[in-house]
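Peer 1: Fold the following.
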Amino acid sequence: KNGKNKNKNKIDNSDGNTNDDNNKGNNSSGSSFNGAQHGLMKARREVRDFFDKEKGRKMLGRDTIVVMGKGRQVTFVGVISVREPENMWFFENDALYLTVGVTAAGASLDALLPIVVNASVYGDSGTAAEWLFNGDTPYFTYAPVLSRLQRLVEIPFAKELLLAQPIVPLADLPDPRNNEKLIESIRARVTNDLTQLEAVVDGLQLPVTVVQGPPGTGKTHVGMVLARTILQERPGQRILCLCYTNHALDSFLEALLKDGQPVDSVMRIGFQGKMSEQLVACSHHKVKERFSLNNPKGSAFGRMSWALRQEVERLGKCISNLQEQLQDNRWGPKSWDDVRLELEFGDEAQAAALEALTVPAALSFGEDGDYEGDAHVVGERGKSVHPDHLYRLWLAGEAAPARLCAQPKHAIWRMAKAERLNLLREWQAKYVKSDVEEIQKLFSDMIDAQQRYEDTKCESFIEAARSCSVIGCTTTGAAKNAALLMELQPDVILVEEAGEIFEAQILAALTPTCKQLILVGDHQQLRPKADHYPLRYEARNGFDLDVSLFERLVTRDRVHAHMLEVQHRMHPDISEYVRQLAYPQLQDHASTIQRPLVTGVASRVVFLNHEFCQDLAADDDGIFTKSHSSEFEANMAIAILEYLLKQGYAASQFVLLTPYLGQLSKLRQGLASRNLRAIISEQDSEDLVKEGLDGEDDDSMLSESPPRGPSAPDPLTAREQWPLPGPKRPAEQVKRQQQQQ
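Peer 2: Predicted coordinates:
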């Protein structure tokens, strides 16, 4: 506001003459401007950091749902699709405004019309919305599943999954126990593990099979043997492999390929950059490429998709141009050129108003009466009258100068100043409304074009996928591609890590043509992750959202689960703890007994006790963060890792586990400071970003261990001399630990 009045041009009400005071106060205005500019830059940084790094990072998050309403009525539902901390705010009329891009359709898109018009003309949304709700969970993670559930008419396997009726073998499938050759083949592949053999045999004939596998008992191997046996014994059938995470899906498909499943018979829906070359060849992009090269119909699909895609892009550009036009026409009185343009295309009343506000044109004629061209209208003092002179007088609430105005007695000149501003806003509202309606029409056309494009893409996708007998995707991918899976009509659905998947996600993936459902997992390890505590089983509110279909069938409906009992992973010294805690029937395979000791460590299981408190981290309001962390334990774990790397082990042989995101962030930062990079699971990475603990982008493998040369310390000596990291320990604590040793 500094210097604003000093630089303001004054209007001469009589003839349009102007008195320019621009040369006055230039120095003070310049210094004020520089100070204001510096303050604005500082404010921009503060606001950007607030929305990007501080508490505001969770506010109006990308891909989150936003709901607006009035009273008890919901007026708008959309999803935030654009959120740029650099550009999501601006100052206007001494107020701070937040701006995000929102995707909406249907009734919500129609509801935007009055909001946009009011915001464009009056600077606010009026009474269109009294409250706004913004969720903090990305919409795309649950929207496909909910949309699929809305369209479900009949739930497959309802007798077994919902009515808890006994599970009996399918009548149209032969009993594998009558095929001695098949039984011997399966027995050889499961290395004479009778529990695995029984699980595979029942999985070949039951409509619903539940296989529970404690750690190291070969759950993935059993699923792979089942899938391979079904494909070999029933040519022409198709299997859908479902997993919750991309990592689990990739591991299962790689096991299938390693066992001899042809690459061209496997298709992985969805693509991530960390896939192996073998899996890249199985991605749906590569399958479609192979199909297009070998099928003349594929090129026609390609041309049609390209044309529709171009149409979508063209409509998008038209919408962007109109949006820019709306932005230019935002808020407050406009220039005379804008108003004149609006009135020229208006009704009769607006045409009369245009005539009353237009300065008459001046024409020049020679002595002979011939027209010589345009002249200038001048005031009493000989100064030119600008074309917007009458419009500016009208806005200022002045009377019409009879000498310049063609219709000085027009009704618009008899209005009070406030009435004139309201009339101007009405004109602008009609102009803006036409733009908004045009945008809505273009949106509708673009949605139709996008739907035709998706239908065409899906049709070509289906043609390519029919050549594959194994389809692999995540549960979210299955919900997104429900139409594709319905067309492919899989005969068998095999779910890996079923104990970690919400029941709704599995129900959404079921198709009417599916004959068998195979659930492989362990509900005693990890449950599905429900962020909202009142919905969890532990809250005892009856919602039990994190109780998976797998757990419900085993614990409540008493469905027989095939328990795998022989573990092939741990030495008995380690598995003893697992037996005592959760699996008393767990047995050790003979191959686990001969595992060598870890070099430089005296025992296979080591418990380290300390008396250092965990870190206390609080936000600006003094509220402690939800996630725990301990700098001392992070340093201890990394120092142990470095010590073991020096014993000759490869970095890929280590896993660091922690139950807390805060500690995971500490570990990653500590590893990075020592030039060690860690692979973080995709779920952990998403949670770190969500909690603002993402830090650096450390997604590569831990660096390999340094070579052991002559100077490398002897393991026992290194162990004796290895100092505990962290703060200096009190003398009495050192003495007590020495006594314990």
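
Peer 1: C-alpha only now, for contacts and for neighbours.
Peer 2: OK.

Peer 1: which secondary structure element contains the closest residue to residue 49 other than its chain neighbours?
Peer 2: Spatially, and ignoring its direct neighbours in sequence, residue 49 is nearest to residue 85 (7.8 Å; C-alpha to C-alpha, 6 or more residues apart in numbering). Using DSSP states H and E, residue 85 sits within no helix or strand.

Peer 1: what residues are up against residue 85?
Peer 2: 47, 48, 49, 51, 52 (C-alpha atoms under 8 Å, 6 or more residues apart in numbering).

Peer 1: swap in residue 311?
Peer 2: Taking C-alpha under 8 Å, 6+ apart, we find residue 311 in contact with 446, 449.

Peer 1: host element of it?
Peer 2: Assigned by DSSP H and E, residue 311 falls in helix 296-328.

Peer 1: just the CA coordinates of the first helix or strand past that helix going along the chain, formatted as PDB?
Peer 2: Using DSSP H and E, the helix or strand that follows helix 296-328 in sequence is helix 336-344. C-alpha atoms of helix 336-344 as PDB (Å, rounded to 0.1, in the frame of the first residue of the first chain):
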ATOM      1  CA  TRP A 336     -13.100  -0.500 -20.600                       C
ATOM      2  CA  ASP A 337     -12.000  -2.900 -23.400                       C
ATOM      3  CA  ASP A 338     -13.200  -5.900 -21.400                       C
ATOM      4  CA  VAL A 339     -16.500  -4.300 -20.500                       C
ATOM      5  CA  ARG A 340     -17.100  -3.100 -24.100                       C
ATOM      6  CA  LEU A 341     -16.500  -6.600 -25.400                       C
ATOM      7  CA  GLU A 342     -19.000  -8.100 -22.900                       C
ATOM      8  CA  LEU A 343     -21.700  -5.500 -23.700                       C
ATOM      9  CA  GLU A 344     -21.300  -5.800 -27.500                       C
END
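
Peer 1: Please work out how many residues are found near residue 453.
Peer 2: 20 (other C-alpha atoms under 10 Å).

Peer 1: Revised request: answer the last question for residue 582.
Peer 2: 12.

Peer 1: tell me the SS of residue 135?
Peer 2: strand (DSSP: H, G, I helix; E, B strand; the rest coil).

Peer 1: Go ahead and confirm it touches residue 65.
Peer 2: Yes - between residue 135 and residue 65 there is a contact at 5.5 Å, judged by C-alpha atoms under 8 Å.

Peer 1: Looking at these two, which has the bigger crowd around it?
Peer 2: Taking neighbours as other C-alpha under 10 Å, residue 135 and residue 65 compare with residue 65 leading, 22 against 16.

Peer 1: For the residue nearest to that one when sequence neighbours are not counted, grab phi and psi.
Peer 2: Spatial nearest neighbour of residue 65, chain neighbours left out: residue 79 (4.5 Å); criterion: C-alpha to C-alpha, 6+ apart. Here is the backbone geometry of residue 79 (degrees, to the nearest 10): phi -130, psi 130.

Peer 1: residues touching residue 79, list them.
Peer 2: 62, 63, 64, 65, 66, 102, 103, 104, 139.

Peer 1: how does it look with 6 Å?
Peer 2: If you count contacts by C-alpha atoms under 6 Å, 6 or more residues apart in numbering, residue 79 has them with 63, 64, 65, 66, 102, 103.

Peer 1: Look up which helix or strand residue 508 falls in, please.
Peer 2: Per DSSP H and E: helix 503-509 holds residue 508.

Peer 1: That helix: what's the following helix or strand?
Peer 2: Toward the C-terminal end, the helix or strand that comes next after helix 503-509 (DSSP H and E) is strand 516-521.

Peer 1: just how off-centre is that following strand within its chain?
Peer 2: 28 Å (C-alpha atoms, centre = their mean, to the nearest Å).

Peer 1: And for stretch 569-584, what's in contact with it?
Peer 2: Contacts of stretch 569-584 from elsewhere in the structure, counted by C-alpha under 6 Å, 6+ apart, are 216, 592, 593.

Peer 1: would CSV of these with distance to residue 489 be doable?
Peer 2: As requested, those are exported to CSV (distance: C-alpha to C-alpha, whole Å):
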residue, distance to residue 489
216, 33
592, 42
593, 46
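
Peer 1: out of the residues you listed, which are buried?
Peer 2: By neighbour count, with 16 or more other C-alpha atoms under 10 Å, those hold 216, 592 as buried.

Peer 1: Inside helices: which ones of the contacts of stretch 569-584?
Peer 2: Among these, DSSP state H puts none in helices.

Peer 1: What is the nearest of the contacts of stretch 569-584 to residue 437?
Peer 2: residue 216 (61.7 Å; C-alpha to C-alpha).

Peer 1: my read: that closest one touches residue 565, true?
Peer 2: No - the pair residue 216 / residue 565 is not scored as a contact, 9.5 Å apart, by C-alpha atoms under 6 Å.
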